[in-house]
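Engineer: Have a look; sequence and predicted model below, questions after that.
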Protein chains: 2
Amino acid sequence: MSIQIHPIREIPEVSQGDDVAALIVNGLASTNLDLVDRDVIVVTHKVVSKAEGRIEPAADDRAYRKLAEREARSILRRRGDLLIAQTAQGFICANAGVDRSNVEKGSAVLLPVDADRSAHGIRMRLEQATGTSLAVVVTDTFGRPWRRGLVDVAIGVSGLPAVLDLRGQTDAQGREMHVTEIAIVDEIAAAADLVMGKADSVPAAVVRGLGLSGEGRATDLVRPAEEDLFR
Amino acid sequence: MSIQIHPIREIPEVSQGDDVAALIVNGLASTNLDLVDRDVIVVTHKVVSKAEGRIEPAADDRAYRKLAEREARSILRRRGDLLIAQTAQGFICANAGVDRSNVEKGSAVLLPVDADRSAHGIRMRLEQATGTSLAVVVTDTFGRPWRRGLVDVAIGVSGLPAVLDLRGQTDAQGREMHVTEIAIVDEIAAAADLVMGKADSVPAAVVRGLGLSGEGRATDLVRPAEEDLFR
């Protein structure tokens, strides 16, 4: 099984009230790409948040920090202007996901209120428009403890399991796999970012060939606090 | 730019002294895949470690834990049989990378001593065998704080930057990107895992279409302790 990852180009700047699914359908037409069953559409949350009106003024660093504090359910660490905080959905990331890049000066983009619900809505509209059976992943770009550099991860999903549970399956030696839960949607998000790039304004991509389906939620990825050694 | 990810099948069980590059070349022939310039070969460290003889007896849980402690440069957390520890190369992961899955019962696989050097050796031999200009990424499967499920990450690289530094570039609004260092080899590792799977015995893959080259090391990904909020 090989997979292909195609960028979806020609998606214009998004404004509040825009239909992200319709913009993706137009982008696919410009890219000369027809969707097929089980394609996974990956879309950066930036366009979803903008369409949902999740933009607020942030004139200066102080206003920006106040926004991040307001969006945080809890704060794990502070250093200078950086907060490491848990979002309403439960994800732990820099500044509770509030971001000033790729948005007009003096503004900040918040995360979608419920990115799983956003993913589901986009999926329903895309399936209706294209007559195919799809999955949608909404991504954000997160730092990690211990490892430099950012990677894209899933913050919303519809039509896929978030975690692939291989426990009970056997490895190549016939030994039962004991701790193998794969964060498959995070791997899909990271893979899609390889064609999206940060400065290139490619906000969406198609991952083809996975052959997966299911009904997970990105919040399935949130490790319960009592299992977490690093809160 | 689209990318393709192809599994390399028919790589047999690896023993100490085996030439991993030769096994990959044979696997590519079985898979009917010819390498082209700038292909990235992703290979799980398991086959590299086995070829390098990095297997030790671990008869029971106690022996296994002792091995993990021996391989750890420092230990961040303990819970039951689980250590979160820093490896000699500097990576922070479960049990200092010592693993009992996909290896004979009563044994454990250690990480390669220097997976960057392993990647470089494989790359040199692959380039010589195929007459192409390549990159090689050696991967392991890591858990993460805060997020459930495992993802593949890079622990060795040759022929690619580990981190893509987009600082100084401008975003779609012409605003300078301030904190955008992408952990590109980790995204490549995660992407390749989508065709490798844990139980399927596909230990290698080709990622085609990235068009990247450079000379990074996976150890570039190690966040210095003084910058790290979660040590």
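Structural biologist: Sure, I can see it.

Engineer: okay, now the domains of chain A?
Structural biologist: A:4-53+A:112-225, A:55-110 (automatic domain parsing).

Engineer: To chain B, which of the ones you listed lies closest?
Structural biologist: Chain B lies closest to domain A:4-53+A:112-225 among the domains of chain A, at 2.9 Å (CB to the nearest CB). Where C-beta positions appear, they are placed from N, C-alpha and C, glycine not excepted.

Engineer: Can you classify A:Ala88 as helix, strand or coil?
Structural biologist: coil (DSSP: H, G, I helix; E, B strand; the rest coil).

Engineer: Can you give me the pLDDT of it?
Structural biologist: Per-residue pLDDT puts A:Ala88 at 95.

Engineer: Hmm, it is touching A:Val113, no?
Structural biologist: Yes - using CB atoms under 8 Å, A:Ala88 makes contact with A:Val113 at a distance of 7.1 Å.

Engineer: who touches A:Val40 in this structure?
Structural biologist: A:Val40 makes contacts with A:134-137, A:159-160, A:188, A:206-208, A:210, A:212, as judged by CB atoms under 8 Å, 6 or more residues apart in numbering or on different chains.

Engineer: ok, back up a step: just say which of the domains of chain A is most tucked in.
Structural biologist: Ranked by mean neighbour count, the domains of chain A are led by domain A:4-53+A:112-225 with a mean of 21 (mean count of other CB atoms under 10 Å in any protein chain shown).

Engineer: Show me the shaky parts of chain A.
Structural biologist: Across chain A, the ranges flagged by pLDDT under 70 are A:168, A:171-179, A:198-200.

Engineer: Next, please give the residue ranges for the strands of it.
Structural biologist: Secondary structure of chain A (DSSP state E): strands located at A:3-8, A:40-44, A:55-57, A:74-79, A:82-86, A:92-94, A:107-109, A:135-142, A:151-158, A:164-165, A:181-182, A:204-208.

Engineer: can you give me how far the fifth one is from the chain middle?
Structural biologist: The one in question is strand A:82-86. 18 Å (CA atoms, centre = their mean, to the nearest Å).

Engineer: Give me the sheet partners of it and which way each runs.
Structural biologist: strand A:74-79 (antiparallel), strand A:92-94 (antiparallel) (DSSP bridges).

Engineer: Put together a markdown table for those, with distance to A:Ser15 on each row.
Structural biologist: Output for these, formatted as a markdown table (distance: least, CB to CB, whole Å):
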| stretch | distance to A:Ser15 |
| --- | --- |
| strand A:74-79 | 31 |
| strand A:92-94 | 25 |
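
Engineer: before we move on, the earlier item: could you list which of the contacts of A:Val40 also contact chain B?
Structural biologist: Checking the contacts of A:Val40 against chain B by CB under 8 Å from any CB of the partner chain, the ones in range are A:188, A:207, A:210.

Engineer: of all the strands of chain A, which lies closest to B:Gly97?
Structural biologist: Proximity to B:Gly97 (CB to CB) singles out strand A:181-182 among the strands of chain A, at 17.7 Å.

Engineer: The closest one near chain B anywhere?
Structural biologist: Yes - shown here: strand A:181-182 in contact with chain B (CB under 8 Å from any CB) through A:181-182.

Engineer: List the contacts of that strand.
Structural biologist: So strand A:181-182 is in contact with A:163-167, B:148-151, B:193, B:198, going by CB under 8 Å, 6+ apart.

Engineer: go with 7 Å
Structural biologist: Identification of contacts with strand A:181-182 by CB atoms under 7 Å, 6 or more residues apart in numbering or on different chains yields A:163-167, B:148-150, B:198.

Engineer: And for stretch A:66-73?
Structural biologist: A:56, A:58, A:83, A:85-88, A:95-98, A:108, A:110.

Engineer: Nearest to A:Ala29 among those residues?
Structural biologist: Minimum distance to A:Ala29 across these is 30.1 Å, recorded for A:Leu110 (CB to CB).

Engineer: List the residues that contact that closest one.
Structural biologist: The contact partners of A:Leu110, taken as CB under 7 Å, 6+ apart, are A:49, A:54, A:56, A:71, A:97-98.

Engineer: what does A:Leu28 give?
Structural biologist: With CB under 7 Å, 6+ apart, A:Leu28 has these contacts: A:8, A:35.

Engineer: For beta bridges, what are the partners of the residue nearest to the spatial centre of chain A?
Structural biologist: The centre of chain A sits closest to A:Thr139, judged by CA atoms, centre = their mean, with a distance of 1.4 Å. As for beta bridges, A:Thr139 partners with A:Thr44, A:Ala154 under DSSP bridges.

Engineer: My guess is it contacts A:Val48. True?
Structural biologist: No - applying CB atoms under 7 Å, one finds A:Thr139 not in contact with A:Val48, separated by 9.5 Å.

Engineer: Okay, A:Gly131 and A:Val25: tell me how far apart.
Structural biologist: 12 Å (CB to CB, to the nearest Å).

Engineer: Please disregard the earlier target; I meant A:Val98.
Structural biologist: 29 Å.

Engineer: mind checking the end-to-end distance for stretch A:34-44?
Structural biologist: 20 Å (CA to CA, to the nearest Å).

Engineer: List the contacts of A:His45.
Structural biologist: With contacts defined as CB under 7 Å, 6+ apart, A:His45 is in contact with A:111-112, A:115, A:138-140, A:155.

Engineer: let's see it at 6 Å
Structural biologist: By CB atoms under 6 Å, 6 or more residues apart in numbering or on different chains, the contact set of A:His45 is A:112, A:138, A:140, A:155.
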